[in-house]
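J.: what shape does this take:
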Amino acid sequence: MRKFLRSMPNYTFLVLPDGSKPALKFRVPAALLLAVPTLIFLLIVIASLFYLQHERSNQQLELLQLQLTSASESHQTQLAGKEKMIEQLQTDLVQLAQQAETVNARMEELNKLESDMKSLVGLPPANPDKDGDENGIGGERQDATDEDIFGLAKQTKAFYSSIGGGIEDLKNRLNATSREVQKKKQELRATPTFWPTESDRITSLFGVRIDPFTNHPGVHSGIDIAGRTGDSVYAAADGTVLDAGYMSERGNYIAVSHKNGIVTKYMHLNSVLAQEGDRVKQGEPIGLLGSTGRSTGPHLHFEVMKDGVSVDPKPYLKMGIKGIPADVQLEKRQD
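T.: Predicted coordinates:
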């Protein structure tokens, strides 16, 4: 190789400046002239390779940026969707919890209804009444924390886990209460608990009083209820007419026999609508109010006898006219 390079000729370059300046002469080996274009070509090739690599890198970078942007937008979309889903789930949970409160309130209403049913017929209530005012909502706004949401979910889950047993228990109790009420209703129908006339104005109570005709103390064997002539007189309980007719002191009267040795008497009637041996139902009209016999004005003398002895009607009369308890009317009269 060295011999080849040595054998190559040298080239002389002459530079002639303007004016009187001496000429410049350069001697360049032929090998150097050959190497320069080669180096330039190599530099162009290397530069081209770097340029292509740079362009390729830019394209890859742009592609990665597009993929990253697309992935970021997709992630943001998914995140927004999940946040919206979480918000909807939280809203559904709150609504479910409110429904649970509504169900619980309805169960309390049913419990109260059961107690009212029992109270209506004189049975002891199963649970004490719970009074409350559920009208109106408000307050300062506070965002619920994750802990609040988790606590609400746990509480709601516990409620719905226990509600099945509560509903079954309530169903059994309502069925039992229905049977008790029906039984008690039958007992009440056979007991003189129905207010016997339309008026509720009591003019004389049971017991010792001043007789209106003699002005001397005497025993009053029933209660007197003032009214208008022709008002209906009702059977206080289911029973059979034991006697009906007229007596000088009783006037027109009816006596009705009931279960458990109880007899009710209705005196001073204007007219009698039932006859001896008739079966009468509680609340059925059996006569019309009047002032016959030993009477100072239109009224009904109502009497209750237990095993042949006159007793105070007050413990028997439970319901008065238009739903007014008879014992309340009696207490008002006593006051």
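
J.: can you pull the pLDDT of Met247?
T.: On the pLDDT scale, Met247 is placed at 95.

J.: correction: the previous question concerned Lys130.
T.: Lys130 carries a pLDDT value of 47.

J.: again, but for Ala236
T.: pLDDT, Ala236: 93.

J.: burial of the nearest residue to it once chain neighbours are set aside, as a residue count?
T.: Distances taken as C-beta to C-beta, 6 or more residues apart in numbering place Pro192 nearest to Ala236, at 3.5 Å, with adjacent residues excluded. (Glycine included, C-beta is placed from N, CA and C.) Number of residues near Pro192 (other C-beta atoms under 10 Å) recorded here: 26.

J.: ok, Lys112 next?
T.: If you count neighbours by other C-beta under 10 Å, Lys112 ends up with 16.

J.: can you tell me the helix or strand for it?
T.: Lys112 belongs to helix 30-120 when assigned by DSSP states H and E.

J.: so what does that helix touch, helix or strand wise?
T.: Helices and strands touching helix 30-120, by 3 or more C-beta pairs under 8 Å, 6 or more residues apart in numbering; DSSP states H and E, are strand 10-15, helix 146-189.

J.: for the record, mean pLDDT for it?
T.: Across helix 30-120, the average pLDDT comes to 76.

J.: likewise for stretch 309-323?
T.: For stretch 309-323, the mean per-residue pLDDT is 71.

J.: tell me which strands the longest strand seen in the chain pairs with, and in which orientation.
T.: In the chain, taking DSSP state E as the definition, the longest strand is strand 262-272. Sheet partners assigned to strand 262-272 using DSSP bridges are listed as strand 251-257 (antiparallel), strand 285-289 (antiparallel), strand 299-306 (antiparallel).

J.: before we move on, what SS does the residue nearest to Ala236 have?
T.: Of the three states, Pro192 takes coil under DSSP: H, G, I helix; E, B strand; the rest coil.

J.: got it, and Leu317?
T.: Under three-state DSSP, Leu317 falls in the coil class.

J.: geometrically speaking, which residue is the centre of the chain?
T.: Centroid check for the chain by C-alpha atoms, centre = their mean gives Thr102 as the closest residue, at 2.1 Å.

J.: so where is the stretch 151-300 of the chain shaky, pLDDT-wise?
T.: Within the stretch 151-300 of the chain, the stretches with pLDDT under 70 are 159-166.

J.: name the stretch among the helices and strands packed on helix 30-120 that sits most buried.
T.: Ranked by mean neighbour count, the helices and strands packed on helix 30-120 are led by helix 146-189 with a mean of 13 (mean count of other C-beta atoms under 10 Å).

J.: now stretch 207-225: buried residues?
T.: With burial defined by 16 or more other C-beta atoms under 10 Å, the residues of stretch 207-225 counted as buried are 220-225.

J.: OK, contacts around Ser310?
T.: 206, 221-222, 303-304 (C-beta atoms under 8 Å, 6 or more residues apart in numbering).

J.: list the contacts of Asp238.
T.: With C-beta under 8 Å, 6+ apart, Asp238 has these contacts: 189-190, 258, 279-282.

J.: rewinding a little: how much space between the residue nearest to Ala236 and Thr292?
T.: Distance, Pro192 to Thr292, using C-beta to C-beta, to the nearest Å: 22 Å.
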